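K.L.:
What follows is a predicted structure for the sequence shown.
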Amino acid sequence: MNINESLINLEIRICDLVSCIHGTCKYDLFENGDYVSFCNCNPGYQGKDCSIEIDPCHTNLCQNQATCVDLDNEINAYECLCKPGFTGKLCETKIDFCEKVTCYYGGECANLEGDQVGYVCKCKVGFSGKHCEKVEICKIAGCVHGNCTYKLFCDGDYSYQCVCDEGFEGKDCSIDINECERESSLCSNYGTCVNTIGSYKCKCVAGFAGKRCGNYIEPCLTKPCKNGATCIVVDYGTFVFHRCLCPNGYIGESCETKISSCEGIMCLNDGECRVRSDGGYVCYCPEGYMGQNCEFKHPCPGKFCTERISSCLYPDKVDDSQCTLCPVGYAGCNCETEIDGCFEVECLNGGICFSTGVNTFRCNCPKGFYGRFCESELVSLVLKDLCLGVNCGTGYCSYTQEGGYKCVCHNGPCEGDNICFDTVCPNGTVCIGERDYHACYQEPGFDRISRKPDGK
């Protein structure tokens, strides 16, 4: 037997005494004949007899808090389950989410930190959305009363402006324009301008209507008088109104109520109602009271009062009431009623009465007539309508006794200081003007009075 065969036999005898379950028996032989046997374990096993399976995750080689998983179908094999945001065999690499992300209009991408995973686009002011794709420039513009317009560039720069609605101004259209302060002539015919939010309105005086009070309303048509009543127009220049003079037997603002008995008629202070033969009524007042319905306390019982002026002539005291005569143009127990200048005034020959103040009036005479009541006819030859084309501003044109014309003003002078400035009179006549009228008068040597329009 040679040496090799002897060694093999020796190995067999030594390893017969050793049990290596998952490994190979090995030994070391010394010169003195001694030996040591041991098990050389297969990968994944350990122990004296290689019976103990090694846990591959024992050393925990996975990084960034990844989870190590033992692979049962492989010996000494494991796998790292990475937390979101990491990759690699050992989860050693952090994922850059922004590498393939586009943030629009100048937005900047940033990876989330800590426990948060993913990315976020940090948008410029005026933009929103996951990738800054939503344009919200007009939200920051804040146009209160208007529309927003803007210019946008690819890098995210932009400009905007507010186009304001009518009646507003300011960068954000929040300032209401006071049209009444900016333009004093918005309302015509003495209308009062009232500012409103975004606009204005004209508060028209009686007799006018429309957005700017430019529409004349015939007073007698707005609320017609009924039952044959007479409509009287009162023109104070700054406002026009009407009243109804009821025939006997009718009462009411428009004379709409017929009086057939005292039913519904209230005579105050123990006054007695009686029906007149014409269908009207009268309240018989006890001593000390007066008025249509006995509603006023008579300041001077038993004394006579002047016609149309309900106060006494005697300056003495009766029942603690001072008796005084009302000033010209006023009436009533307390002188509270202003007498219309045209009350009971009749302008003749088609003339129109205009009230010019308290208890004063003026008759606007038609062509060919003049006088306080238009009672006189012109003698001078008038070839054409002298008032045709004459602009009297806020007044009206009227004829003079001499055959000329003049501008009559309701309240103060007409427009212009020198009203003859642009007037051209024909040969033989001369312009004579004052603040409220002008006319062409005959010069010596001529037998006709005439004039030309002033060209206005």
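P.N.:
Received it, and whenever you're ready, just let me know what you need.
K.L.:
Check which element follows the one helix or strand Q161 maps to along the chain.
P.N.:
Per DSSP states H and E, Q161 falls inside strand 158-164. Downstream of strand 158-164, the first helix or strand assigned by DSSP H and E is strand 168-169.
K.L.:
Mind giving me the packing neighbours of that following strand?
P.N.:
strand 175-176 (3 or more Cβ pairs under 8 Å, 6 or more residues apart in numbering; DSSP states H and E). In short, each C-beta sits where N, CA and C put it, glycine included.
K.L.:
Quickly find the element holding K130.
P.N.:
Assigned by DSSP H and E, K130 belongs to no helix or strand.
K.L.:
That should have said F241, apologies.
P.N.:
Counting by DSSP H and E, F241 is part of strand 240-245.
K.L.:
for E181, same thing?
P.N.:
Using DSSP H and E, E181 sits within helix 179-182.
K.L.:
Tell me the buried residues in that helix?
P.N.:
Judged by neighbour count (16 or more other Cβ atoms under 10 Å), helix 179-182 contains these buried residues: E179, C180.
K.L.:
got the residue ranges for the helices in the chain?
P.N.:
Applying DSSP state H to the chain gives helices spanning 3-15, 137-141, 179-182, 219-222.
K.L.:
Now the weakest link among those, please, by mean pLDDT.
P.N.:
In terms of mean pLDDT, the lowest-scoring of those is helix 3-15 (a mean of 58).
K.L.:
How is the chain divided into domains?
P.N.:
By the assignment in the TED database, the chain contains the domains 3-53, 347-381, 394-434.
K.L.:
for the last one, what is the average pLDDT?
P.N.:
Here the mean pLDDT over domain 394-434 is 51, rounded to a whole number.
K.L.:
now the second one
P.N.:
The average of the pLDDT scores along domain 347-381 is 75.
K.L.:
Of all the residues in it, which ones are buried?
P.N.:
If you call a residue buried by 16+ other Cβ under 10 Å, then domain 347-381 has these buried ones: 347, 349, 351, 353-356, 359, 361-365, 368-370, 373-374, 378, 380.
K.L.:
can you map out the strands along the stretch 1-150 of the chain?
P.N.:
For the stretch 1-150 of the chain, the strands defined by DSSP state E, counting those that start in this stretch cover 23-29, 35-41, 45-46, 52-53, 67-70, 78-81, 86-87, 93-94, 108-111, 119-122, 127-128, 134-135, 146-152.
K.L.:
N215 is nearest to which of those strands?
P.N.:
strand 146-152 (32.0 Å; Cβ to Cβ).
K.L.:
Let me see the contact set for S19.
P.N.:
The contact partners of S19, taken as Cβ atoms under 8 Å, 6 or more residues apart in numbering, are D49.
K.L.:
In contact with C20, which residues are there?
P.N.:
Counting by Cβ under 8 Å, 6+ apart, C20 has contacts C39, N40, C41, D49, C50.
K.L.:
measure the last one to L29 for me?
P.N.:
Taken as Cβ to Cβ, to the nearest Å, the spacing of C50 relative to L29 amounts to 21 Å.
K.L.:
Look at those two and report which has more neighbours.
P.N.:
For C50 versus L29, the count of surrounding residues by other Cβ atoms under 10 Å is larger for C50: 21 against 14.
K.L.:
Pass me the low-pLDDT residue ranges in the stretch 1-150 of the chain, would you?
P.N.:
1-13 (pLDDT under 70).
K.L.:
about what we covered before: who's in contact with the helix holding E181?
P.N.:
Here helix 179-182 makes contact (Cβ under 8 Å, 6+ apart) with G167, L186, C193, V194, N195, S199, Y200.
K.L.:
Bridge partners for the fourth one, pull those for me.
P.N.:
Spelled out, it's V194. K201 (DSSP bridges).
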